[in-house]
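[1] next come a sequence and a model predicted from it.
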Amino acid sequence: LAVKLETVFDQIKDICFTNGGGILKSVRFVEQYVGEKIQTGYRGIVFSLTYQSLQGTLKEESVNSVHEKICNSLITQLGAIKR
């Protein structure tokens, strides 16, 4: 994702956990990129999400659904851009 320069990582984490459906266990910052391939006023950000359930094995469909909800929330609430 690309997020506005003023966006702090805690905002991203909060939105992820709010929409994590009880299966999101961690959000870890990996790296950021600011350069010519990113829109002015934005920075590319890479982070890792870990999903886990104590009730049983997670199905791909349920993880994908939660992941998509998180992505859409970041786009609508922070003005993030999918890259």
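    The structure has been received and is ready for your questions. Residues are numbered from 1 along each chain as shown.
[2] identify the single longest helix in this structure, thanks.
    Longest helix in the chain, counting residues (DSSP state H): helix 60-78.
[3] from the contact counts, what lies against that helix?
    strand 2-4, helix 9-18, strand 42-51 (3 or more CB pairs under 8 Å, 6 or more residues apart in numbering; DSSP states H and E). Any C-beta I mention is one placed from the backbone N, CA and C, and that applies to glycine too.
[4] return the most buried member of the ones you listed.
    Sort the helices and strands packed on helix 60-78 by mean neighbour count, taking mean count of other CB atoms under 10 Å, and strand 2-4 sits at the top with a mean of 19.
[5] other SSEs contacting that strand?
    Judged by 3+ CB pairs under 8 Å, 6+ apart, the packing partners of strand 2-4 are strand 42-51, helix 60-78.
[6] ok, now with 6 Å
    For strand 2-4, the packing partners by 3 or more CB pairs under 6 Å, 6 or more residues apart in numbering; DSSP states H and E come out as strand 42-51.
[7] out of the helices and strands packed on helix 60-78, flag the one nearest residue 77.
    Among these, the nearest to residue 77 by CB to CB is helix 9-18 (5.8 Å).
[8] the helix or strand that the closest one is followed by pairs with which strands?
    Downstream of helix 9-18, the next assigned helix or strand under DSSP states H and E is strand 24-33. Strand pairing for strand 24-33, using DSSP bridges, gives strand 42-51 (antiparallel).
[9] quick revisit: contact partners of the longest helix of the chain?
    For helix 60-78, contacts defined as CB atoms under 6 Å, 6 or more residues apart in numbering pick out 3, 7, 15-16, 19, 21, 23, 51, 80.
[10] now stretch 26-44
    By CB under 6 Å, 6+ apart, stretch 26-44 touches 2, 4-5, 9, 13, 16, 45-50.
[11] report the buried residues of that stretch.
    27, 38, 42-44 (16 or more other CB atoms under 10 Å).
[12] pull the most distant pair out of the residues you listed.
    27 and 38 (21.0 Å).
[13] returning to what we had before: got the helices and strands packed on helix 60-78 as JSON lines, with distance to residue 65 columns?
    Converted to JSON lines, the helices and strands packed on helix 60-78 look like this (distance: least, CB to CB, whole Å):
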{"stretch": "strand 2-4", "distance to residue 65": "23"}
{"stretch": "helix 9-18", "distance to residue 65": "14"}
{"stretch": "strand 42-51", "distance to residue 65": "11"}
